[in-house]
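S.K.: just to be clear, the model below is a prediction. Sequence and coordinates:
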Amino acid sequence: MTRIPLLAGTRVNFLDAPEGAVLVRPPAPASPIDDVRAAVRDALRFPLSGPPLEASVPRGGRATVVIEPAVLPLPGVANDPRRAAVEAVVESLGRAGIPSERQTLLLAAGLARRPDRGQIDTFVSPELARRFHGQVAVHDAEADDLVAVGTSGSIEMRVNPALTSADVVVVVTAAETVVHGGPAALVAASSPVALRAAGAYSLLETGASQGWKLGLDLERALAARGTLIGVSLALNHPVLRGALQGYPHDREALDRLVGSWLGRAYGRLPSAVRLRIMRGLPVEVSTLGVFAGPPSVAHAEALLRATEARSVRLEEPVDAICIGIPDTTPWLPRERPNPVLAAALGLGYALRLWRDRFPVQEGGTAILVHRLHRRYAHPGQQPYRAFFAALRDASGGGALAEAEDAAGRDERALEAYRRGDACHPVLPYVDWRGCSPAIDRLGAVLVAGSRDASVARTLGFVPTHGLRAALAMAEGRADRQLRLAVLPSPPYPPLTVGS
């Protein structure tokens, strides 16, 4: 029997995995690029499709550089390669005849909490923050000056004016999923109508993704107005340094954690201290490829390369999957998650990172290892408190849809979003819909270690006292020797299922 450490909040629980259980560990990082700036410059000179940057830029024109907050991968890293990529793009635009004074950095956070302009050094390198003389714009999805650029089906596409007033728009992102990066960054700079519709059944397949289709339609509409270029980074899986050197891909690092005094001492620390240690862990992310061209083309190529390098293969779907949920939110700023965000991280993110087939058998079981505390960081998570109350009182899907429409018209909540104090009031509904593809395929979602049974039941989950009880229940549901997969902690690797 194998002991597997599972992150649950700030605690490390140990799972006595049954025989045949699959520990989902990413492969070792591929050989990285040493100089990301040089790779970006080369990619802009030799794009996958279309002319190079210098041949596309009118000298003395205006440029907008679109940046997404680096919320993925989890956890965040101090020296994110996207910072170096943004700096290289700003410099390349300057050499092409558009100095930084005529450039705009557009921070597109979608429905998430709006970052402050003063936090620009969070998204770019400190050197660039000091010498950048252009404008810094933070997208407001509720702004009155959004520009209509066409429709995608029945959805009207309205975008930040910085995308339509520039002669050239450069999208700088990392290829994480089909709805994060690439053309999805353009959707993140649009209206709530488009953002609410930008879903995906799988985060790694474009075929069933309304978000990808929206991004493509928006890309075509903006390309018809001016030059549109994408720079996409394919990233290696994040790895820890220091005492946990080699985790999560190195089995020896896992064994050290299981048997060391460090793991035992960590469990005896107060919760606040454990949280501080978790957020201070040295995390490194390297770049394995940089691609340029139309945003969708560059993003698709980078996403394919990153998925191939980071994915884990399951020969067939399993009966149950156990997911460790940390005490951090998927959105910035990092906070302790409320029950909806904890569920969204496990079901809406980890269980949508698959290709070819859903990783769990139809009617199978998901086990979320988290306590699901009923707490909402003030004021940033107040929309989630309102959503949870609406979910508890809703008598059906129609009632929840009405509550979402009412939340989108809540002036007080919208004003808090505009100030950057909280996320957009409809974001909790979008996060919850992201859980639906997994919930619809699963027979049960068990919460191991639940401390508030009413919270789990309100979400439609089954509370259990701990991992042992959850495993016994999952084995009973399978009615045979349990085929179990374990995702111990984020960042979760992509899963390729089947031959």
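M.R.: Looks like it came in fine.
S.K.: gap between residue 417 and residue 142?
M.R.: Using CB to CB, to the nearest Å, residue 417 is found at 7 Å from residue 142. C-beta here means a position set from N, CA and C on the backbone, and glycine is covered the same way.
S.K.: the two: who's more crowded?
M.R.: Comparing residue 417 with residue 142 by neighbour count (other CB atoms under 10 Å), the higher total belongs to residue 417, at 24 against 14.
S.K.: residues in contact with the more buried one?
M.R.: 113, 114, 141, 142, 423, 424, 425 (CB atoms under 8 Å, 6 or more residues apart in numbering).
S.K.: right, and the third one touches residue 195 too?
M.R.: Yes: counting by CB atoms under 8 Å, a contact exists between residue 141 and residue 195, whose distance comes to 6.4 Å.
S.K.: and for these two, which residues touch both?
M.R.: With CB under 8 Å, 6+ apart, residue 141 and residue 195 have common neighbours 110, 111, 424.
S.K.: would you map the helices across the stretch 301-450 of the chain?
M.R.: Ranges of helices in the stretch 301-450 of the chain, per DSSP state H, counting those that start in this stretch, are 339-343, 382-393, 397-408, 411-419, 427-433, 436-441.
S.K.: now the second one and helix 397-408, what's the angle there?
M.R.: Which is helix 382-393. Put simply, helix 382-393 runs at 160 degrees to helix 397-408, going by axes from the mean of the first three to the mean of the last three CA atoms, to 10 degrees.
S.K.: and residue 128, how far is that from residue 497?
M.R.: Plainly put, residue 128 is 41 Å away from residue 497 if you go by CB to CB.
S.K.: just for the stretch 201-350 of the chain, where's the confidence low?
M.R.: Residues of the stretch 201-350 of the chain meeting the criterion pLDDT under 70: 241-269, 277-282.
S.K.: what do you get if the cut-off is 90, keeping everything else the same?
M.R.: 207-208, 236-286, 324-337 (pLDDT under 90).
S.K.: find residues that contact each of residue 417 and residue 142.
M.R.: Contact criterion CB under 8 Å, 6+ apart; residues shared by residue 417 and residue 142: residue 424.
S.K.: so residue 70 is in contact with residue 84, correct?
M.R.: No: Residue 70 lies out of contact with residue 84 (CB under 8 Å); the separation is 12.0 Å.
S.K.: which of these two has more neighbours?
M.R.: A direct count of neighbours by other CB under 10 Å for residue 70 and residue 84 places residue 84 higher, at 23 against 19.
S.K.: wait, what's in contact with that one?
M.R.: 36, 37, 40, 125.
S.K.: farthest-separated two in the residues you listed?
M.R.: Farthest apart among the contacts of residue 84 by CB to CB are 40 and 125. That separation is 12.8 Å.
S.K.: got a winner among the shared contacts of residue 141 and residue 195 for most neighbours?
M.R.: residue 424 (28 neighbours).
S.K.: OK, contacts around it?
M.R.: Applying CB under 8 Å, 6+ apart, the residues contacting residue 424 are 111, 112, 141, 142, 192, 195, 383, 414, 417.
S.K.: just those now: which is nearest residue 312?
M.R.: Using CB to CB, residue 112 comes nearest to residue 312 of the contacts of residue 424, at 28.1 Å.
S.K.: what number of residues lie near that closest one?
M.R.: Residues contacting residue 112 under the criterion other CB under 10 Å number 25.
S.K.: residue 427 is in contact with that one, correct?
M.R.: Yes: with contact defined as CB under 8 Å, residue 112 reaches residue 427; the gap is 6.5 Å.
S.K.: ok, which stretches of the stretch 101-250 of the chain are strands?
M.R.: Shown for the stretch 101-250 of the chain, the strands assigned by DSSP state E, counting those that start in this stretch span residues 103-107, 135-138, 147-152, 155-159, 168-174, 227-235, 239-240.
S.K.: save these as a markdown table, and put in distance to residue 20 too.
M.R.: Conversion of these to a markdown table gives the following (distance: least, CB to CB, whole Å):
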| stretch | distance to residue 20 |
| --- | --- |
| strand 103-107 | 47 |
| strand 135-138 | 50 |
| strand 147-152 | 46 |
| strand 155-159 | 46 |
| strand 168-174 | 35 |
| strand 227-235 | 32 |
| strand 239-240 | 27 |
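S.K.: ok, residue 141 and residue 195, which is more surrounded?
M.R.: The neighbour count for residue 141 versus residue 195, taken as other CB under 10 Å, is higher for residue 141 (28 against 21).
S.K.: which residue, other than its chain neighbours, is closest to that one?
M.R.: Spatial nearest neighbour of residue 141, chain neighbours left out: residue 192 (5.1 Å); criterion: CB to CB, 6 or more residues apart in numbering.
S.K.: residues near that neighbour, how many?
M.R.: When neighbours are defined as other CB under 10 Å, residue 192 has 20 of them.
S.K.: would you mind measuring from it to residue 169?
M.R.: 21 Å.
S.K.: how about the contacts made by the residue nearest to residue 141?
M.R.: 111, 141, 142, 408, 424, 426.
S.K.: would you single out the least confident of the helices of the stretch 301-450 of the chain?
M.R.: Mean pLDDT is lowest for helix 397-408 among the helices of the stretch 301-450 of the chain, at a mean of 90.
S.K.: specify the angle between that one and helix 411-419 in degrees.
M.R.: 60 degrees.
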